[in-house]
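# My questions are about this predicted structure, shown below with the sequence.
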Amino acid sequence: MSILIIKNGVLDTLQDLGRDGYAHLGIVPGGAMDRVALQVANALVGNSLSEAAIEMHVPAAEILFEETAMVALAGADLTANVNGKEIGTLRPLIIRKDATLSFGKIKSGARIYLAVKGGFALDPWLNSYSTNIRAEAGGFKGRSLQKGDRLLLKQKNDHLFADDAFVKGLPWFANVAEHYVKHTIRFVPGLAYELLDTVSKKILQTKPCTITRESDRMGFRLQTDALHLKKQEELISTAVTRGAIQLLPNGQMIVLMADHQSTGGYPVIGYIAGADFSSLAQLQAGESFLLEQTDLPCAEIALLKQQMNLQQLQNACNFRLK
Amino acid sequence: MFYPTPHIYPCGDHAIAISFGNAIDTSINQKVISLFKYISDHPPEGMCNLVPAYHTLTLIYDTALLKKRDPSASVYETMRRHIEAAIEKAAAEKSPSKTIDVPVCYDTSVAPDLASLAALHSFSVEETIRLHTSRPYHVYMIGFLPGFAYMGSVDEKIRTPRKGNPRTLVPAGSIGIAGEQTGIYPFDSPGGWQLIGQTPVQMFDAKKEDPCFLHPGDEVSFYAITLNEFGKMKNA
């Protein structure tokens, strides 16, 4: 009961919803960059929403199914295909034993999630399956997947094919449109927001930010007109969290992503609204977006709405899979 | 900016922070650590992480879970009330700190910046080692890397700024000085601190249930060992 990595992608790692409870030891939660996509992929195959899946970037891995398995893809659309036949994302698929899953051109997004029904058989590290590459722990051997890696599946799938097809899609899809706000990302102001001068606040409201090439799972470096504080302050390091928008000494911003450091000393001008974090995580280097100010009450409600939608999707999928 | 302390403020829609004053100071950090220990022992529902730093404590929570319990209530305000109650209770409790002895080899073969740092302050290498080992250090926080302890305060006589040009590879176990801080690199990693020694003790071991050797609030004493002892302890 396994799948085999025939060719690894640029960064294929096992991720779940992250490792809570250890940030005070410098071990940040990590986990999926796009938590919505991870949960959607899991819901589609009837898993717990927090089950670990493979997060892949471009180029993504080529995977041989050594056993028939039910899977789902969510997040980016990278022209997935099984033995050359294009398959869609956002629906449950049954992939036959000896078939190969591979990927082509990017149609949208930046990272894709592959969930298998029942999940991957892995040992948890500190209560999570997320890969912490820095600590060389968690996920699959604490590292990104390499050619020749074999991942065991927890559950056997005894689906029988009536014909000689390699892949079969089940007849339902997840609609995720409302989770992705695309190119307007909301933020809640942080302590340093009031320290920005008037011109800088105006820039923040009106000028698009471009995601630069120096962006990865640790942080997204943004390029826009330089921002200035009314007065520079020497700051003492504090804990920092996912989504914090730090202002660098050169006037540019960096948004902390899943694998950020646990502490930092740059002024924090705002925080990406939790409900929009997945939208940001799916933007590629070179893409631009507008920051839009929101407040705590709206941001909290948006997060609740998002989670309720994901639970409804899970209920609907479980009902159909019964 | 000046705020009366303790100052409580939101960090986006998923975290809340408390500041006890704007300085690197053990008495301020003790308040942080006391509250950290109290809340760790009495975690509010929905708490995901609790992170002490020099002068702040940050509590990260699961907003969707808490909002679902009571959609009409502000999750931030609920957390704020928890924290205010905890501050009062934590102040009444004594939190004893753990004292940990850490062996350090100050041989120049594993201390590339020791001779230049000593020369900069016109001390002999022996006197510099004596100054580094003569006082206990307080672990203010763990950050930067898993298990990297920020400790202070280094004797004013040997305080030295970070290197202008950081090294691309600092070996695991290296002891560094950066201004009034001293720290130990848990992994081979890039780094800009002045390297004055190396410990054979493993600061981070993923295989252990508690992977970190040092914790926030610990008191650390360094003692000098020879290169021979260093080799033996490292291979033990």
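Received, thanks.
# Show me which residues of the longest helix belonging to chain A are buried.
In chain A, taking DSSP state H as the definition, the longest helix is helix A:296-321. Judged by neighbour count (16 or more other CB atoms under 10 Å in any protein chain shown), helix A:296-321 contains these buried residues: A:296, A:299-300, A:302-307, A:309-310, A:313-314, A:317. Every C-beta, even on glycine, is put in place using the N, C-alpha and C of the backbone.
# among those residues, which are in reach of chain B?
Contacts with chain B within those, as defined by CB under 8 Å from any CB of the partner chain: A:296, A:299, A:300, A:303, A:304, A:306, A:307.
# From residue A:275, how far out is residue B:17?
Using CB to CB, to the nearest Å, residue B:17 is found at 21 Å from residue A:275.
# what pairs with residue A:189 across the strands?
Residue A:189 has these beta-bridge partners by DSSP bridges: residue A:270.
# In contact with it: list those residues for me.
A:269, A:270, A:293 (CB atoms under 8 Å, 6 or more residues apart in numbering or on different chains).
# can you list those in CSV and add neighbour count and pLDDT?
Shown next, in CSV, are those (neighbours: other CB atoms under 10 Å in any protein chain shown; pLDDT from 0 to 100):
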residue, neighbour count, pLDDT
A:269, 25, 97
A:270, 26, 98
A:293, 14, 97
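# Now residue A:48: phi and psi?
phi -60, psi 150 (degrees, to the nearest 10).
# burial count for it?
Neighbour count of residue A:48, defined by other CB atoms under 10 Å in any protein chain shown: 12.
# Would you mind confirming that it makes contact with residue A:42?
Yes - contact criterion CB atoms under 8 Å: residue A:48 and residue A:42 qualify, at 6.6 Å.
# So which residue is smack in the middle of chain B?
By CA atoms, centre = their mean, chain B has its centre lying nearest to residue B:141, at 2.5 Å.
# hmm, back to that, okay, the buried residues of helix A:296-321 in CSV with pLDDT next?
Output for those, formatted as CSV (pLDDT from 0 to 100):
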residue, pLDDT
A:296, 97
A:299, 98
A:300, 98
A:302, 97
A:303, 97
A:304, 97
A:305, 97
A:306, 97
A:307, 97
A:309, 97
A:310, 97
A:313, 97
A:314, 97
A:317, 96
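# Going by distance to residue B:166, which of those wins?
When the buried residues of helix A:296-321 are ranked by distance to residue B:166 (CB to CB), residue A:299 comes first, at 36.7 Å.
# thinking that closest one is in contact with residue B:11, fair?
No - counting by CB under 8 Å, residue A:299 stays clear of residue B:11, with 11.8 Å between them.
# The residue of chain B most remote from its centre and residue A:101, how far apart?
No residue in chain B sits farther from the centre than residue B:72, which is 38.4 Å out by CA atoms, centre = their mean. Distance of residue B:72 to residue A:101, given as CB to CB: 46 Å.
# ok, which stretches of the stretch 101-250 of chain A are strands?
Assigned by DSSP state E, counting those that start in this stretch, the strands in the stretch 101-250 of chain A fall at A:108-116, A:150-152, A:167-169, A:184-189, A:209-211, A:219-223, A:238-239, A:244-247.
# Would you indicate which residues of the fourth one are buried?
Just to be clear, that refers to strand A:184-189. If you call a residue buried by 16+ other CB under 10 Å, then strand A:184-189 has these buried ones: A:185, A:186, A:187, A:188, A:189.
# got JSON lines for the residues you listed, with pLDDT too?
Formatted as JSON lines, those follow (pLDDT from 0 to 100):
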{"residue": "A:185", "pLDDT": "97"}
{"residue": "A:186", "pLDDT": "98"}
{"residue": "A:187", "pLDDT": "98"}
{"residue": "A:188", "pLDDT": "98"}
{"residue": "A:189", "pLDDT": "98"}
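# which one among the residues you listed gets closest to chain B?
Using CB to the nearest CB, residue A:188 comes nearest to chain B of these, at 5.0 Å.
# Mind jotting down where the helices sit in the stretch 51-200 of chain A?
Assigned by DSSP state H, counting those that start in this stretch, the helices in the stretch 51-200 of chain A fall at A:198-206.
# ditto for chain B
Taking DSSP H as the criterion, chain B carries its helices at B:26-41, B:63-69, B:75-92, B:114-120, B:125-133, B:227-235.
# Identify whichever of the ones you listed lies nearest to chain A.
helix B:63-69 (3.7 Å).
# List the contacts of that closest one.
A:274, A:300-301, A:303-304, A:306-308, B:13-14, B:45-46, B:75, B:78-79.
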